[in-house]
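J.: sequence and predicted structure, then a few things I'm wondering about:
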Amino acid sequence: ALEAAYRVGSVVVKALVANWDQYQNELPR
């Protein structure tokens, strides 16, 4: 269960990092 959560989390983190410029402007400051 922990490994699956880690895999999902790493995918989300990679997506955030890959699209950070986009998300940065959309997130409230």
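T.: Ah, there it is. All values derive from a computational prediction rather than experimental measurement. Numbers count the residues shown, from 1 in each chain.

J.: packing partners for the helix or strand where residue 9 lies?
T.: Secondary structure assignment for residue 9, by DSSP states H and E: helix 2-18. Helices and strands in packing contact with helix 2-18 are not found; criterion 3 or more C-beta pairs under 8 Å, 6 or more residues apart in numbering; DSSP states H and E. Backbone N, C-alpha and C define where each C-beta goes, glycine included.

J.: now do the helix or strand that comes right after that helix: distance to the chain's middle.
T.: Beyond helix 2-18 on the C-terminal side, the first helix or strand identified by DSSP H and E is helix 20-26. Mean-position distance between helix 20-26 and its chain equals 11 Å (C-alpha atoms, centre = their mean, to the nearest Å).

J.: buried stuff in helix 20-26?
T.: When neighbours are counted by 16 or more other C-beta atoms under 10 Å, no buried residue of helix 20-26 is found.

J.: what is the mean pLDDT for it?
T.: Confidence over helix 20-26 (mean pLDDT, whole number) is 76.

J.: other residues contacting it?
T.: Where contact means C-beta atoms under 8 Å, 6 or more residues apart in numbering, the residues beyond helix 20-26 that reach it are residue 16.

J.: quick revisit: pull the CA atoms of the helix holding residue 9 into PDB?
T.: What follows is helix 2-18 as a C-alpha-only set of coordinates in PDB (Å, rounded to 0.1, in the frame of the first residue of the first chain):
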ATOM      1  CA  LEU A   2       2.800   2.400   0.900                       C
ATOM      2  CA  GLU A   3       4.700   1.600  -2.300                       C
ATOM      3  CA  ALA A   4       1.600   2.300  -4.400                       C
ATOM      4  CA  ALA A   5       1.000   5.600  -2.600                       C
ATOM      5  CA  TYR A   6       4.700   6.500  -3.200                       C
ATOM      6  CA  ARG A   7       4.400   5.600  -6.900                       C
ATOM      7  CA  VAL A   8       1.300   7.700  -7.300                       C
ATOM      8  CA  GLY A   9       2.800  10.600  -5.300                       C
ATOM      9  CA  SER A  10       6.000  10.500  -7.400                       C
ATOM     10  CA  VAL A  11       3.900  10.700 -10.600                       C
ATOM     11  CA  VAL A  12       2.000  13.700  -9.300                       C
ATOM     12  CA  VAL A  13       5.300  15.400  -8.200                       C
ATOM     13  CA  LYS A  14       6.800  14.700 -11.600                       C
ATOM     14  CA  ALA A  15       3.700  16.200 -13.300                       C
ATOM     15  CA  LEU A  16       3.800  19.300 -11.000                       C
ATOM     16  CA  VAL A  17       7.500  19.800 -11.700                       C
ATOM     17  CA  ALA A  18       7.100  19.300 -15.500                       C
END
